[in-house]
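Engineer: Pasting a predicted model and its sequence here:
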Amino acid sequence: MGGLTAKCDVAIPNNERPRIIIESKAYGATGSKMDDVIGDIQKIIEVKRDDTSFLLLTDGTMWRRLRATLERIVKFQNEGKIMKIYTLSMAAQLRMDLDQLRREYNIILNVKETSED
């Protein structure tokens, strides 16, 4: 968007024109590290196109103690800025949702099998 970029963990089908963005944030840290989570998420939200689905993977023990940070992330989802928030226990749902998005966006996977000799 306007030449702005933001780092993300996964861009599907590619970084140049992503349709699906996945960011993972799983911390056991406190303080400024947790503040970085919000900053990273906001950067992605600011530059992603409206036709791009933003999925967030998160988990970790510190979320229980940092309720305000988690509430801000949930607010982003409620505002439609994050499509869905997943935890590790939701891996099967993530897989199903990614398969559905792949079909909706008509993303063709180029999977190459490799063999180890």
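Structural biologist: Right, received. Where do you want to start?

Engineer: who touches the lowest-mean-pLDDT helix or strand in the chain?
Structural biologist: In the chain, the helix or strand scored least confidently by mean pLDDT, DSSP states H and E is helix 32-47, which has a mean of 84. Here helix 32-47 makes contact (CB atoms under 8 Å, 6 or more residues apart in numbering) with 1, 4-8, 21, 23, 25, 27, 54, 56, 62, 66, 69, 72-73, 76, 81-82. Any C-beta I mention is one placed from the backbone N, CA and C, and that applies to glycine too.

Engineer: ranges for the strands of the chain?
Structural biologist: Per DSSP state E, the chain carries strands over the ranges 10-12, 20-26, 53-59, 84-86.

Engineer: The last one pairs with which strands?
Structural biologist: In its sheet, strand 84-86 lies beside strand 53-59 (parallel), with partners assigned from DSSP bridges.

Engineer: could I get the strands of the chain as TSV with mean pLDDT, distance to Gln93 and mean neighbour count?
Structural biologist: As requested, the strands of the chain are exported to TSV (pLDDT from 0 to 100; distance: least, CB to CB, whole Å; neighbours: other CB atoms under 10 Å):
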stretch	mean pLDDT	distance to Gln93	mean neighbour count
strand 10-12	94	17	17
strand 20-26	91	14	19
strand 53-59	94	11	20
strand 84-86	96	7	16
